[in-house]
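[1] Return atomic coordinates for the entry below.
(chains A and B)
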Number of protein chains: 2
Amino acid sequence: MENSNTIEKRTTVFTSEELLAHWQGHRALTRRTIEAFPEKEFFTHSIGGMRTFAELTMELLGIAAPGMKEIVVGNTEKLKEHFDHGNKKEYLLALWDKDTEAINTYWEQLKDEDFSKNIKLFGEYEGTVISSILYFIDNEIHHRGQAYVYLRSLGIEPPFFWER
Amino acid sequence: MENSNTIEKRTTVFTSEELLAHWQGHRALTRRTIEAFPEKEFFTHSIGGMRTFAELTMELLGIAAPGMKEIVVGNTEKLKEHFDHGNKKEYLLALWDKDTEAINTYWEQLKDEDFSKNIKLFGEYEGTVISSILYFIDNEIHHRGQAYVYLRSLGIEPPFFWER
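    Numbering: from 1, shown residues only, chains lettered A, B, ... in the order given. As a prediction, this is how the structure comes out:
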């Protein structure tokens, strides 16, 4: 009984459902950040030789749903960071929404014991499933923070960071 | 037995120790980002009317260890976002290191069942302990991402994001 009690205590830190909700909350904020950009500047504006937010968004699109697919389905594909967009935010936003649903669907297939498994994502990045998913989230926050500077430098107020 | 099995599965998502290591890994990267700034620009450089990275660093210093202290000890203090620094990075880095130790010490007093408790941090911000700690980490990643743009705009290469 003591062991079972110890185990139960550890569960209060974070559940799989809470982690998904946390991530999707961040993804909703990133979507609003994309929306805040004027169409032209989304594809052209950059500071200090960095990538545009369109390019960073495509990196995020290449990682999130394809990463979850690989974690759950197991087949390794090369990281894809370019998507056809015809310089329309609308197209990348549609991919974003499709991937929101895809992530939810893959997540349902993720078993809790999978989180500690070792994987080599996109044939390149070694780690556990949980460390990979946290990397997806952290990387998204990191690049979205950069997009906030782009927006401010354009005189545009970014969405509230604490609203998810 | 089935219930106990379910509980055990949930524990693999994330443990308290892993969360602390994750946070301290991020804090080490933020420290290297502070170090990467030239002394003068750390206190003066900004884009689009945003705060300097010195000011953002002081926000992070005001949140992390004081937040953990409030979570563990329980006494509410007002959020402090200004520290004497005399325009020396060295002084804020010393505070950073002191707080790294303080966070570890407070963390030892954090019980796993505390993560789901409700708190009103700094007398203002309501949430659970886990949502508050995740906010500390996310907010740090967000502002550090902005510091990467500041560094790039100064022609300085930031530390590798994936190195913790």
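[2] does chain B sit close to stretch A:139-157?
    Yes. Using Cβ under 8 Å from any Cβ of the partner chain, stretch A:139-157 comes into contact with chain B via A:139, A:141-146, A:148-155. C-betas here are computed from N, CA, C, even on glycine.
[3] Which positions in the helix or strand containing A:P66 come out as buried?
    Applying DSSP states H and E as the criterion places A:P66 in helix A:53-73. Using 16 or more other Cβ atoms under 10 Å in any protein chain shown as the test for burial, helix A:53-73 gives A:53-54, A:56-72.
[4] And for stretch A:87-98?
    Residues of stretch A:87-98 classed as buried by neighbour count (16+ other Cβ under 10 Å): A:K89, A:L92, A:L95, A:W96.
[5] cool, stretch A:156-164 as well?
    Those would be A:P158, A:P159, A:F161, for stretch A:156-164 by 16+ other Cβ under 10 Å.
[6] now swap in stretch A:30-38 and tell me
    Buried-residue list, stretch A:30-38, by 16+ other Cβ under 10 Å: A:T30, A:R31, A:T33, A:I34, A:A36, A:F37.
[7] In this structure A:A28 contacts A:F160, no?
    No. With contact defined as Cβ atoms under 8 Å, A:A28 does not reach A:F160; the gap is 12.0 Å.
[8] quick one: A:F43 and B:D84, what's the gap?
    44 Å (Cβ to Cβ, to the nearest Å).
[9] So for the two, which residue has more residues nearby?
    Shown here are A:F43 and B:D84; by other Cβ atoms under 10 Å in any protein chain shown, A:F43 has more neighbours (19 against 8).
[10] Identify the residues contacting the closest residue to that one other than its chain neighbours.
    Spatial nearest neighbour of A:F43, chain neighbours left out: A:A54 (4.5 Å); criterion: Cβ to Cβ, 6 or more residues apart in numbering or on different chains. By Cβ atoms under 8 Å, 6 or more residues apart in numbering or on different chains, the contact set of A:A54 is A:F42, A:F43, A:H85, A:K89, A:L92.
[11] from these, which is closest to B:G123?
    Distance to B:G123, by Cβ to Cβ, is smallest for A:F42 among the contacts of A:A54, at 39.1 Å.
[12] Touching, that closest one and A:L56? I think so.
    No. The criterion here is Cβ under 8 Å, and A:F42 misses it with A:L56 at 10.3 Å.
[13] re the thing from before, let me know the average pLDDT across the helix holding A:P66.
    The pLDDT scores in helix A:53-73 average 97.
[14] what do you get for stretch A:82-94?
    96.
[15] same thing with stretch A:108-123?
    On average, stretch A:108-123 scores 92.
[16] How about the secondary structure of A:G48?
    Three-state call for A:G48 (DSSP: H, G, I helix; E, B strand; the rest coil): coil.
[17] Need the pLDDT of it.
    Taking A:G48 on its own, its pLDDT is 97.
[18] do the same with A:E2
    The model's pLDDT for A:E2 equals 42.
[19] Helix or strand: which one has A:E157?
    Counting by DSSP H and E, A:E157 is part of no helix or strand.
[20] So it sits against A:L151, correct?
    Yes. Under the criterion of Cβ under 8 Å, A:E157 makes contact with A:L151 at 7.3 Å.
[21] shared neighbours, those two?
    A:A36.
[22] Assess the claim that A:V72 and A:L110 are in contact.
    Yes. Counting by Cβ under 8 Å, A:L110 is a contact partner of A:V72 at 5.8 Å.
[23] Packing partners of the strand or helix carrying A:R152?
    Using DSSP H and E, A:R152 sits in helix A:129-153. The elements that helix A:129-153 packs onto, with contact taken as 3 or more Cβ pairs under 8 Å, 6 or more residues apart in numbering or on different chains; DSSP states H and E, are helix A:16-36, helix A:53-73, strand A:118-121, strand A:125-128, helix B:16-36, helix B:129-153.
[24] at 10 Å what do you get?
    helix A:16-36, helix A:39-44, helix A:53-73, strand A:118-121, strand A:125-128, helix B:16-36, helix B:129-153 (3 or more Cβ pairs under 10 Å, 6 or more residues apart in numbering or on different chains; DSSP states H and E).
[25] Name the surrounding residues that touch the fourth one.
    Strand A:118-121 is contacted from outside by A:63, A:66-67, A:70-71, A:74, A:76-77, A:79, A:125-129, A:131-132, A:135-136, using Cβ atoms under 10 Å, 6 or more residues apart in numbering or on different chains.
[26] and if we set it to 7 Å?
    Residues from elsewhere that reach strand A:118-121 (Cβ atoms under 7 Å, 6 or more residues apart in numbering or on different chains): A:G67, A:E70, A:I71, A:E126, A:G127, A:T128, A:V129, A:S132.
[27] Walk me through which strands that strand pairs with, and which way each runs.
    Strand pairing for strand A:118-121, determined by DSSP bridges: strand A:125-128 (antiparallel).
[28] Fine by me, we can end here.
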